[in-house]
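J.: need coordinates for the following:
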Amino acid sequence: MKVIEGGVTASKGFKAAVCAAEIKYKGRTDMAALVSDSPCKCAGTFTTNIVKAAPVIWDKNIVENSEFGQAVIINSGIANACTGEKGMQYCEETAEAVEKAYGINKDYVFVASTGVIGMQIPIDRICNGVNMMKDKFDYSLEAGTNASKAIMTTDTVNKEVAVSFEINGKEVHLGGMCKGSGMIHPNMCTMLGFVTSDINISKSLLKEALSESVKDTYNMVSVDGDTSTNDTVLLLANGEAENDEITTKDENYEKFLEALNFVNTTLAKKIAGDGEGATALFEVKVVGAASKEDAVTLSKSIVTSSLTKAAIYGHDANWGRILCAMGYSGVVFDPEKVDLFFESANGKIQIVKDGTATDYSEEEATKILSADAVTAIADVKMGDKCATAWGCDLTHEYVSINADYRS
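T.: Next up, the predicted model:
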């Protein structure tokens, strides 16, 4: 596997277009379309929030009941959440506009929205946007990058990644883009993620691969503890790499899963590092746990602790907050066995050994915690299982952004 340039258009047969539809924003692109030349096998994972946006319900139905998917229409600015029957009607009208303009079966059209909850989508602008993009489609890497920018809300940077790998002499591509900055919490977040591939694989294995990958990638991200109404990750595979169809969990399936995990992990970390107001990516590794479940719970508890996140912002090695977060996680461990470390590009330091502070240098710790990406490592010495979670520091700017987001 090798990392290559681009995002969703890095896979054969996928093209993208963008436009300024003025859904909510003025003077910037706010709508994107992603289309495959041929129908795709598709898989998806969606928010666990009981309050689900209309596009989530629409897309979930396609994944579960339609044979194929072929197009995705995405808008930023308005989430089309808590919009009742009209919200669902607007999803259908969007798909119908695509069918009319692009000649793609409306049952193959995914719809995704992100932005303010409770506002009705201006469907006339959405349909105008569909028509505006009709003659703008491009297979170039730049087109994919532009799409990743059009779907941003409070994101400060666009997020995309692509890889290639070989299956039985055929070059296969996998590319993805996502958006997400706030209302981010494990079990999917205010994130929209779109991954494309030209691999030929059965729908059942495509679905299984995505479900498996999400556990250790997107579900291990938290920015602020709020699980969104709109979380969606879609995986589309059009088979244009022309490899023999993967129908069993053989070596080729494992190659695909490795590539998918890399793409999803990269996108998940980009979301965490771009958390609203964040100045640092905060990574938490728990090792030596008695079970995988314990490791996951402990790492999530640390990465979601507001006090710990605030300490990371202040470059303060306040390790008591980490032990505290571990202690209320519900996992049984011996606190007198725990070792804690901080690590970054500026070095590594052990701050706790067997549950008590080491004679570490506060100055050195502050230097390490001043990097753009900081890792906390907790060894609980209860077994051999591990897990990694990603988040960010908690800053004054986070409050400022969310205090006036709607207005």
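
J.: pull the number of nearby residues for the closest residue to Val157 other than its chain neighbours.
T.: Excluding its sequence neighbours, the residue lying closest to Val157 (CB to CB, 6 or more residues apart in numbering) is Asp274, at 5.7 Å. Every residue, glycine included, has its C-beta placed from N, CA and C. Using other CB atoms under 10 Å, the number of residues around Asp274 comes to 23.

J.: can you check Ala345 too?
T.: 9.

J.: need the pLDDT of it.
T.: pLDDT for Ala345: 97.

J.: what helix or strand does the closest residue to it other than its chain neighbours sit in?
T.: Closest residue to Ala345 in three dimensions, ignoring its sequence neighbours and counting by CB to CB, 6+ apart: Ala371, at 5.0 Å. Using DSSP states H and E, Ala371 maps to neither a helix nor a strand.

J.: ok, Ala371 - how many residues close by?
T.: As a measure of burial, Ala371 has 17 neighbours, counting by other CB under 10 Å.

J.: the residue nearest to Val157 and Ser36: what is the separation?
T.: 28 Å (CB to CB, to the nearest Å).

J.: where does pLDDT dip in the stretch 151-300 of the chain?
T.: 181-190, 223-230, 275-277 (pLDDT under 70).

J.: now do the strands in it.
T.: 159-167, 170-179, 192-197, 232-237, 281-289 (DSSP state E, counting those that start in this stretch).

J.: surely Gln70 meets Gly103?
T.: No: the criterion here is CB atoms under 8 Å, and Gln70 misses it with Gly103 at 10.1 Å.

J.: these two - which one has more neighbours?
T.: Gln70 (23 against 7).

J.: checking my notes, the more buried one in a strand, right?
T.: Yes: under DSSP: H, G, I helix; E, B strand; the rest coil, Gln70 sits within a strand.

J.: retrieve the pLDDT associated with it.
T.: At Gln70, pLDDT is 98.

J.: excluding sequence neighbours, find me the nearest residue to it.
T.: Tyr108 is the one closest to Gln70 (CB to CB, 6+ apart), at 4.1 Å.

J.: could you report the neighbour count for that neighbour?
T.: Tyr108 has 21 nearby residues by other CB under 10 Å.

J.: gap between it and Lys41?
T.: Applying CB to CB to Tyr108 and Lys41 gives a distance of 11 Å.

J.: now do the shared contacts for the two.
T.: 68-69 (CB atoms under 8 Å, 6 or more residues apart in numbering).

J.: that older thread, could you list every residue that touches the residue nearest to Gln70?
T.: Tyr108 touches 39, 62, 66, 68-71, counting by CB under 8 Å, 6+ apart.

J.: out of those residues, which one sits closest to Leu260?
T.: Nearest to Leu260 out of these is Gly69 (CB to CB; 17.0 Å).

J.: all helices for this protein, in order.
T.: With DSSP state H as the criterion, the chain has helices at 54-65, 84-102, 123-133, 141-150, 203-215, 251-273, 292-303, 306-313, 319-327, 362-369, 396-403.

J.: pLDDT at Gln371, what is it?
T.: You called it Gln, but residue 371 is Ala. 96.

J.: now it: phi and psi?
T.: phi -80, psi 170 (degrees, to the nearest 10).

J.: how close does it sit to His396?
T.: Taken as CB to CB, the span from Ala371 to His396 is 20 Å.

J.: centroid-wise, who is the farthest residue in the chain?
T.: Asp359 (39.0 Å; CA atoms, centre = their mean).

J.: how about the nearest residue to Asn200, chain neighbours excluded?
T.: According to CB to CB, 6+ apart, the nearest residue to Asn200 is Gly239 (3.8 Å).

J.: count the residues that sit near that neighbour.
T.: Applying other CB under 10 Å, I find that Gly239 has 19 neighbouring residues.

J.: so which of the contacts of Tyr108 is surrounded by the most neighbours?
T.: Gly69 (27 neighbours).

J.: ok, for that one, nearest residue in space, not its chain neighbours?
T.: Cys42 (3.8 Å).

J.: ok, now how distant is that neighbour from Asp372?
T.: 36 Å.

J.: so for those two, which residue has more residues nearby?
T.: A direct count of neighbours by other CB under 10 Å for Cys42 and Asp372 places Cys42 higher, at 26 against 12.

J.: pairing partners for that one in the sheet, please.
T.: Leu236 (DSSP bridges).

J.: would you agree it is in contact with Asn238?
T.: No: using CB under 8 Å as the test, Cys42 is too far from Asn238 to be in contact (9.8 Å).

J.: show me what contacts the residue nearest the centre of the chain?
T.: Central residue of the chain (CA atoms, centre = their mean): Ala268, 4.6 Å from the mean position. Taking CB under 8 Å, 6+ apart as the contact definition, Ala268 lies against 217-218, 220-221, 390.

J.: make a markdown table from those residues and add distance to Asp316 to it.
T.: Listed next are the contacts of Ala268 as a markdown table, based on distance: CB to CB, whole Å:
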| residue | distance to Asp316 |
| --- | --- |
| Thr217 | 29 |
| Tyr218 | 29 |
| Met220 | 24 |
| Val221 | 23 |
| Trp390 | 20 |
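
J.: pick the one among the residues you listed closest to Phe137.
T.: Tyr218 (27.9 Å).

J.: how many residues are close by that closest one?
T.: Tyr218: 26 neighbours (other CB under 10 Å).

J.: what's the neighbour count on the nearest residue in space to Ala209 that is not next to it in sequence?
T.: Once flanking residues are discounted, Ala209 sits nearest to Leu257: 5.2 Å by CB to CB, 6+ apart. The number of residues packed near Leu257 is 17, by other CB under 10 Å.

J.: ditto for the one 3 residues further on
T.: Other residues near Leu260 number 24, with proximity taken as other CB under 10 Å.

J.: ok, Gly7 next?
T.: So Gly7, with other CB under 10 Å, has 30 neighbours.

J.: what residues are up against it?
T.: Taking CB under 8 Å, 6+ apart as the test, what Gly7 contacts is 141, 144-145, 147-148, 160-162, 175-177.
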